[in-house]
Structure formats: C-alpha cells, structure tokens
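>>> Predicted model and sequence follow; I will ask about them next.
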There are 2 protein chains.
Amino acid sequence: MGAPKQKWTAEEEAALKAGVLKHGTGKWRTILMDPDFSAVLSLRSNVDLKDKWRNINVTAIWGSRQKAKLALKRSPLTPKHEENGKALSVVVQSNEEVVDAKPLAMASGTPRNGGPKDLLARLDGSTQIILAVYSS
Amino acid sequence: MGAPKQKWTAEEEAALKAGVLKHGTGKWRTILMDPDFSAVLSLRSNVDLKDKWRNINVTAIWGSRQKAKLALKRSPLTPKHEENGKALSVVVQSNEEVVDAKPLAMASGTPRNGGPKDLLARLDGSTQIILAVYSS
DNA sequence: CGCTAGGGTTAGGGTTGT
DNA sequence: TACAACCCTAACCCTAGC
C-alpha cells in the first residue's frame, strides 16, 4: 500500500543523466544533493537513482555479455567460484544446514582414519564446526 | 573499475573468526599482522575486518525476520554454500551466535585434548589450531 | 598520521508488479 | 517471458574521537 510503483518521468530520467554527466556514476547521493537536480528528483532516493541507471544501461547494451550471465543462472550444477584453490581444507557444519566436505574427504562424525592430519570431533545437534587445515 | 567487489570467501571468514578468538575483537590491525592470518587476509584492510565482523554478528541475531522469507526460496535445488581454498585455522562456533571475543589461544603444534566437548587433532609442527567449542 | 567505532553509501543479487 | 521499479544487505566509504 505504501508504494504504488512510481514510474520514472522523462524529466526525472533527464535529470539523472545530467547528474551522472556532472558528477559521474556511483555518486548518487551527490546527484541528489545537487540543487540542479534535487527538485526534480525529490521523490527519489539514492538507491532509486542507482537502480534506474542500471535499468537504462541494461537495455542499452543489448548484445554483449548478458546472455552468458543469464545462462549461468539456469545451470543446475554450480561450478561456483575459484579464487585461490591451493591447500587442503575441510568444512563441516552440522545441524540442518550445510554438510560440505571438500578436499581431504572427511565428513562429520568421521570414524578414525589413522592418518597424520585427521580430526576427530564430537558434535551435538547445536554445534557447528568450521574447519580448515593449512600447512605451510 | 579494478575491484568491482570483493566477496569474502569462507577461508577469509574463518581466518577472521580465528583471529578474533586469538586476539579479541577490535584488534583488527593485530589480526592482520599475525602471520597465521596475514596470508589469507592479505587483500583485506583492518577496516574491512571490522566491517565483516559487524556483518557476521548482525546476521547472527537473525532468528526473527526474513529467515522464513528466504527459506521459501530454497526449495529448489540449492547447492547452499561454496567451497574453500586455504586457511590456517580451526574455528568452532555455536549455531546461534558467533564467537565471543575473548582472547583464548592455544599454542601451535600442541594438541590439547581432555574435556568432553573437546576436539582432538593430530598435527605436525607447521600447523596451528585455535579452538573453542560453543554450544547453544 | 594511524587506528577503531559507528553511521552512511554503493553494488549487485533478488523480488514484485505489470 | 521480459522489463521496470523496488527490496535486501554485504561490502565499502567517511569521519569523529582517540
């Protein structure tokens, strides 16, 4: 009820573009405070400006990389990030959430393995363990 | 721009938590300087650590609001969390609230076991463990 | 100046309405 | 399904106070 959806007028959009020309992208609050635009954009927040600028530019650059990005979203499997994958690590979280064992192949409640770098932990349902082992 | 955004990895977060366990909250620069964490957190500033710690604790007090909202979204196939790369710490935290903030540190390469809620680890001399068990 | 605490802002994923 | 407007919040910035 509080937000009937305010469509952007041509005047507001022009003010936004002018504001970006004057102050640059990412200076949403600065644009809002500028007396040149504050009157026209008085009903808009800095976040609104950012969102509108995004919408303008998304529809403007049709033919670049958008397809790939959306395609990734549809992927059932998630290859996910990469960052710095170097050492061995283990992450175990019990209690309804994640149970994710990665390299080293150990899960929660792992029976004794006998290896030199193994870990034994006793958990109840309300304890979480985040574990990472790193050797230098 | 060069750095669009630096999302925190699970290893970085684990290092931060371990750092707080070892040195206490508010010792951001100290944590950064600690050889145990400086490698993992090399891309972060002391302010980054402070901000991340704030975010972690904010989301921990979160048993009230949008949990249901997001829970609905998690019906389809959701790979949940992500993977890791490296870290040099062991952090055990409770489910509800994250770590306290008291400097309690164990020496490196000195496995201490004993109590019922302890974790036993076998390590070589080049691996350190900082350990605390919290139950809700 | 460096550091931390805390309020403010931005970036980007997500959701809703048409 | 597409798109525009709006929401949520992690990540980042600014600055007072030390």
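Happy to help now that I have it. Residues are numbered from 1 along each chain as shown, chains lettered A, B, ... in the order given.

>>> Using PDB, write down the CA coordinates of stretch A:47-61.
C-alpha atoms of stretch A:47-61 as PDB (Å, rounded to 0.1, in the frame of the first residue of the first chain):
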ATOM      1  CA  VAL A  47      19.100   3.800  -4.400                       C
ATOM      2  CA  ASP A  48      16.400   4.600  -6.800                       C
ATOM      3  CA  LEU A  49      18.900   6.500  -8.900                       C
ATOM      4  CA  LYS A  50      21.300   3.600  -8.900                       C
ATOM      5  CA  ASP A  51      18.500   1.200  -9.900                       C
ATOM      6  CA  LYS A  52      17.200   3.400 -12.600                       C
ATOM      7  CA  TRP A  53      20.700   3.900 -14.000                       C
ATOM      8  CA  ARG A  54      21.100   0.200 -14.100                       C
ATOM      9  CA  ASN A  55      17.900  -0.300 -16.000                       C
ATOM     10  CA  ILE A  56      18.800   2.300 -18.500                       C
ATOM     11  CA  ASN A  57      22.200   0.800 -19.200                       C
ATOM     12  CA  VAL A  58      21.000  -2.800 -19.300                       C
ATOM     13  CA  THR A  59      18.600  -2.200 -22.000                       C
ATOM     14  CA  ALA A  60      21.000   0.000 -23.900                       C
ATOM     15  CA  ILE A  61      23.800  -2.600 -24.300                       C
END
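
>>> quick one: it near DNA strand D?
Yes - counting by CB under 7 Å from any atom of the strand, contacts between stretch A:47-61 and DNA strand D involve A:47, A:48, A:51, A:52, A:54, A:55, A:58, A:59. In short, each C-beta sits where N, CA and C put it, glycine included.

>>> Give the ChimeraX command for selecting the buried subset of these.
Applying 16 or more other CB atoms under 10 Å in any protein chain shown to the residues of stretch A:47-61 next to DNA strand D leaves a buried subset, and the ChimeraX line that selects it is:
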select /A:48,52
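
>>> Please identify which of the residues of stretch A:47-61 next to DNA strand D is nearest to chain B.
Using CB to the nearest CB, residue A:54 comes nearest to chain B of the residues of stretch A:47-61 next to DNA strand D, at 13.7 Å.

>>> would that closest one count as being in a strand?
No - assessed with DSSP: H, G, I helix; E, B strand; the rest coil, residue A:54 is helix; it does not lie in a strand.

>>> lowest-confidence helix or strand of chain A?
Using mean pLDDT, DSSP states H and E, the weakest-scoring helix or strand in chain A turns out to be strand A:119-121, at a mean of 38.

>>> for chain A, which spans come out with low pLDDT?
A:1-3, A:61-136 (pLDDT under 70).

>>> Can you give me the domain boundaries for it?
Following automatic domain parsing, chain A resolves into domains at A:10-69, A:81-136.

>>> residues in contact with the helix or strand hosting residue A:48?
Using DSSP states H and E, residue A:48 sits within helix A:46-60. Helix A:46-60 is contacted from outside by A:8, A:12-13, A:16-17, A:19-20, A:25, A:28-29, A:31-32, A:41, A:44, A:66, using CB atoms under 8 Å, 6 or more residues apart in numbering or on different chains.

>>> Flag every buried residue along the helix or strand encompassing residue A:30.
Assigned by DSSP H and E, residue A:30 belongs to helix A:28-33. Across helix A:28-33, burial judged by 16+ other CB under 10 Å covers A:28, A:31, A:32.

>>> How about stretch A:12-22?
So for stretch A:12-22, counting by 16+ other CB under 10 Å, buried means A:12, A:15, A:16, A:19, A:20.

>>> Narrow those to those in helices?
Under the assignment DSSP state H, the buried residues of stretch A:12-22 contribute A:12, A:15, A:16, A:19, A:20 to helices.

>>> and those residues as TSV, adding distance to DNA strand C?
TSV is the format used below for these (distance: CB to the nearest atom of the strand, whole Å):
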residue	distance to DNA strand C
A:12	16
A:15	15
A:16	13
A:19	11
A:20	11
